[in-house]
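> coords please:
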Amino acid sequence: MARKKVRSLRCPTCRALVLAGSKEFPFCSERCRLIDLGKWASGGYVIFTPITDPEMLESMAEEQSHKKADGGDEASKHER
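Alright, predicted model coming up:
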C-alpha cells in the first residue's frame, strides 16, 4: 500500500515545519502571521516592478529636470 504524501512547508517567519492542514498554514502560529503582516505594513517587504507607463515615465523625467533646474537636492544647498 502506498503512503500518502503529507505536504509541509517551513514557516516564513521562524522556519518551523508546518503541515498543509494546519489552521495557520503557511505560518506555524498566529504570532508568526502577525509578525509577517507587520513587516508588510511597515514596508519591510517591497515588490519591485519596472515602470512601463509612458505617462508616469514622462512625469518622473519632468520632476528630475525641475530638481536640477532648482539647484539640486537639499544636501548640496547646505554645502554652498
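
> can you give me the end-to-end distance of stretch 15-26?
10 Å (CA to CA, to the nearest Å).

> List the buried residues of that stretch.
With burial defined by 16 or more other CB atoms under 10 Å, the residues of stretch 15-26 counted as buried are 18, 26. C-beta here means a position set from N, CA and C on the backbone, and glycine is covered the same way.

> How far off centre is it?
Stretch 15-26 sits 22 Å away from the centroid of its parent chain (CA atoms, centre = their mean, to the nearest Å).

> List of residues touching it?
6-12, 27-28, 30, 32-33 (CB atoms under 8 Å, 6 or more residues apart in numbering).

> Please repeat the previous calculation with a cut-off of 6 Å.
With contacts defined as CB atoms under 6 Å, 6 or more residues apart in numbering, stretch 15-26 is touched by 7-9, 11, 28, 33.

> In strands, which of those fall?
Taking DSSP state E, the ones among the contacts of stretch 15-26 that sit in strands are 8-9.

> In JSON lines: the contacts of stretch 15-26, plus pLDDT, neighbour count and distance to I51.
Output for those, formatted as JSON lines (pLDDT from 0 to 100; neighbours: other CB atoms under 10 Å; distance: CB to CB, whole Å):
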{"residue": "R7", "pLDDT": "83", "neighbour count": "9", "distance to I51": "38"}
{"residue": "S8", "pLDDT": "85", "neighbour count": "13", "distance to I51": "39"}
{"residue": "L9", "pLDDT": "90", "neighbour count": "15", "distance to I51": "33"}
{"residue": "C11", "pLDDT": "95", "neighbour count": "20", "distance to I51": "34"}
{"residue": "C28", "pLDDT": "95", "neighbour count": "21", "distance to I51": "37"}
{"residue": "R33", "pLDDT": "96", "neighbour count": "17", "distance to I51": "32"}
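
> Distance to L17 added to the contacts of stretch 15-26, as a markdown table?
As requested, the contacts of stretch 15-26 are exported to a markdown table (distance: CB to CB, whole Å):
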| residue | distance to L17 |
| --- | --- |
| R7 | 11 |
| S8 | 6 |
| L9 | 8 |
| C11 | 8 |
| C28 | 8 |
| R33 | 16 |
